[in-house]
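Participant: coords please:
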Amino acid sequence: MKQKILIVEDERSIRSLLKVTFKTNGYDIIEAKSGEEGLQKAREEKPIIALLDVMLPGINGFEVCKKLRKDFQNIGIIMLTARGQDMDKISGLQLGADDYMIKPFNPTELVLRVQALIRRMNHEQKDKNSVPKSGPFHIETHAHIVYKDGKSIDMTPKEYLLMELFLENEGKAFTRDELLDRVWGWEYVGDTKIVDVNIRRLRTKIEEDSSKPVYIETVWGVGYRWKKRDEE
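Facilitator: Residues are numbered from 1 along each chain as shown. Prediction:
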């Protein structure tokens, strides 16, 4: 089932642009032209994310944000605010918004922010004491510690995030761009070679022979994956 995005925006041109952009990226779109309509659509459709313009006819975006946060604690909220209105950003965040975008904005950047917010929401909803495991490895996520055969491994923050991602997605092949996005963040500006460098370092810490990796496999033409236990 596709994830639902609620767009509450009175300017038709902006609403149409966002609708096309998010549909192209695989989301279902719910549109509303006013705050009252937005609240009604949220109650009917239960979207995962709400994009709220601050200046709306009827009740404004701040009031919509406040009501949404009260009624739907797990919804993600991004405020759309005019350039230079710093108090709008502060007020929105104080009322429970997760992020904000300043108009005019790049629709692609907004999509990336939505995707990052959804990942963060999913991560926060996980059991904080969950213990991802694979072969001799397990991770205590609440302590950010990786163990092999019961012994902790000293890791950098990025190495830890790579391990967590791999163990939680055993057998899934990730491209370098996906690893950059998931570990370094969409805002990272740099070469994808940083992924290869960190994978090499990580292999020296977890593999018996880093030149012949058993756990982190290179998927030629794609990127890397963590080998499934039943393939070992």
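Participant: for this structure, which segments count as helices?
Facilitator: Taking DSSP state H as the test, the helices found in the chain are 12-24, 35-45, 61-71, 86-94, 107-125, 157-168, 176-179, 193-206.
Participant: worst average pLDDT in the ones you listed?
Facilitator: Out of the helices of the chain, the stretch the model trusts least by mean pLDDT is helix 86-94, with a mean of 68.
Participant: who's in contact with the closest residue to Lys2 other than its chain neighbours?
Facilitator: Ranked by Cβ to Cβ, 6 or more residues apart in numbering and with sequence neighbours excluded, the top spatial neighbour of Lys2 is Asp28, at 4.4 Å. The way it works is simple: take the backbone N, C-alpha and C, and place the C-beta from them, glycine included. Applying Cβ atoms under 8 Å, 6 or more residues apart in numbering, one finds that Asp28 lies in contact with Lys2, Gln3, Lys4, Ile5.
Participant: please redo it, this time with the cut-off set to 10 Å
Facilitator: The neighbours of Asp28, taking Cβ atoms under 10 Å, 6 or more residues apart in numbering as the test, are Met1, Lys2, Gln3, Lys4, Ile5, Leu6, Phe22, Glu45, Pro47, Ile48.
Participant: next one: it relative to Asn74, how far apart?
Facilitator: 17 Å (Cβ to Cβ, to the nearest Å).
Participant: now swap in Ala116 and tell me
Facilitator: Using Cβ to Cβ, Ala116 is found at 16 Å from Asn74.
Participant: look at the two and report which has more neighbours.
Facilitator: Ala116 (18 against 10; other Cβ atoms under 10 Å).
Participant: so that one touches Ile49, yeah?
Facilitator: No - in this structure, Ala116 is not within contact of Ile49 by Cβ atoms under 10 Å, at 11.0 Å.
Participant: tell me, what's touching these two both at once?
Facilitator: Gly76, Asp98, Asp99.
Participant: among those, name the ones in strands.
Facilitator: Assignment to strands by DSSP state E places the following of the shared contacts of Ala116 and Ile49 there: Gly76, Asp99.
Participant: residue contacts, the closest residue to Ala32 other than its chain neighbours?
Facilitator: Residue nearest to Ala32 in three dimensions, not counting chain neighbours: Gly38, with 3.8 Å by Cβ to Cβ, 6+ apart. Contacts for Gly38 (Cβ under 10 Å, 6+ apart) come out as 6-9, 30-32, 47, 50-53, 56, 58-59, 61, 64-65, 67-68.
Participant: among these, which ones are buried?
Facilitator: 6-9, 30-32, 47, 50-53, 56, 61, 64-65, 67-68 (16 or more other Cβ atoms under 10 Å).
Participant: with adjacent residues omitted, what lies nearest to Lys33?
Facilitator: Asp10 (5.2 Å).
Participant: break this structure into its domains for me.
Facilitator: The record's domain parsing of the chain by automatic domain parsing lists 4-125, 133-231.
Participant: and among those, the most buried is which?
Facilitator: domain 4-125 (a mean of 17; mean count of other Cβ atoms under 10 Å).
Participant: from the chain's centroid, how far away is that one?
Facilitator: What separates the centre of domain 4-125 from the centre of its chain is 15 Å, taken as Cα atoms, centre = their mean, to the nearest Å.
Participant: bridged to Lys4, which residues?
Facilitator: On DSSP bridges, the residues paired with Lys4 through beta bridges are Asp28.
Participant: wait, it touches Ile29, no?
Facilitator: Yes - with contact defined as Cβ under 10 Å, Lys4 counts as touching Ile29 (7.7 Å).
Participant: can you give the contact residues for stretch 201-213?
Facilitator: Counting contacts by Cβ under 10 Å, 6+ apart, the residues touching stretch 201-213 from outside are 136-137, 146, 148, 153-156, 158-160, 162-163, 166, 199-200, 214-216, 218, 224, 227.
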